[in-house]
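1. when you get a sec, could you give me coordinates for this:
(chains A and B)
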Amino acid sequence: MAQEQIGIIGKGIIIRGNLTGGGDLVIEGRVEGQIALKNHLTIEATGKVQADIRAEELTINGEASGNIDATTKVAINANAKVAGDIKAPRVVIEDGAVFNGSVEMEVKLPDDI
Amino acid sequence: MANTVIGSSIVIDGEISGDEDLVIQGTVKGKISLKESLFVEGSGVVEADIETQNVEIGGRVTGNIVATDKVELKSDCRVVGDIKAPRILIADGASFKGNVDMDHKER
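-> The predicted model follows:
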């Protein structure tokens, strides 16, 4: 059994609609719509996501299309296919990854400094 | 064991379909159609019409349920909606409001 704060969307599952939450999420299946997550989202090699994604951190090993807005980091690993615009302070694109879109790394200082 | 888990802090608004087991500990609104088993655990809240083979409910479900095999309402669950399935189990302590249709076929 997975830990309580981790959600897993398995290979055989298709979700159409909005997905929001506070825990970590691993997608091995398909998600179409919108994803807003407070923590870490991982799209595994079998995962296909057609959605605008907002998350703290995003790791992509599979396919993603849509705009990505991450508060810390986006990692596009080898074998991943990504189409869309990425906005995040840190963006990593590995050798072998396919990416089409723009990257915006604008780093803002927190207001409370 | 099922390998899809909608964790307790996850909220899904939309449609879930698929051909593997699904465990819901979080919140799902919309529609669920599965070919396998659905488990709504104690912390799970579902406001959706459900179409599946088996359902086990320990949490809260609002919506109509159609199962091709079995629906099990465990104690402490709260279910509002109509249930249609060949086998329906309601445990002592469960709270349920709705119609039951067992579509009993002569064998």
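2. in chain A, what residue comes closest to chain B?
-> Of the residues in chain A, the one nearest chain B is A:G17, at a distance of 1.1 Å by C-beta to the nearest C-beta. In short, each C-beta sits where N, CA and C put it, glycine included.
3. now the helix or strand encompassing that residue: average pLDDT?
-> Assigning secondary structure by DSSP states H and E places A:G17 in strand A:13-21. If you average the pLDDT over strand A:13-21, you get 94.
4. what's the first helix or strand after that strand?
-> Per DSSP H and E, strand A:13-21 leads on to strand A:24-27 as the next helix or strand towards the C-terminus.
5. can you tell me if that next one touches chain B.
-> Yes - residues of strand A:24-27 are located near chain B by C-beta under 8 Å from any C-beta of the partner chain, namely A:D24, A:L25.
6. which elements pack onto that strand?
-> Strand A:24-27 makes packing contacts with strand A:6-9, strand A:30-37, strand A:40-43 when contacts are defined by 3 or more C-beta pairs under 8 Å, 6 or more residues apart in numbering or on different chains; DSSP states H and E.
7. contacts for the second one, please.
-> Meaning strand A:30-37. Under the criterion C-beta atoms under 8 Å, 6 or more residues apart in numbering or on different chains, residues A:9, A:13-25, A:41, A:47-56, B:14 lie in contact with strand A:30-37.
8. that strand pairs with which strands, parallel or anti?
-> Applying DSSP bridges to the sheet, strand A:30-37 is found paired with strand A:13-21 (parallel), strand A:48-60 (parallel).
9. any idea how far the first one is from the chain center?
-> It refers to strand A:13-21. Put simply, strand A:13-21 sits 13 Å off its chain's centre (C-alpha atoms, centre = their mean, to the nearest Å).
10. so for the longest strand along chain B, what gets flagged as buried?
-> Criterion DSSP state E: the longest strand present in chain B is strand B:45-57. Of all the residues in strand B:45-57, those buried under the rule 16 or more other C-beta atoms under 10 Å in any protein chain shown are B:V45, B:V46, B:A48, B:D49, B:I50, B:E51, B:T52, B:Q53, B:N54, B:V55, B:E56, B:I57.
11. related to what we said a few turns ago, any of the contacts of strand A:30-37 buried? List them.
-> For those, a burial check counting by 16+ other C-beta under 10 Å picks out A:9, A:13-21, A:23-25, A:41, A:47-49, A:51-55, B:14.
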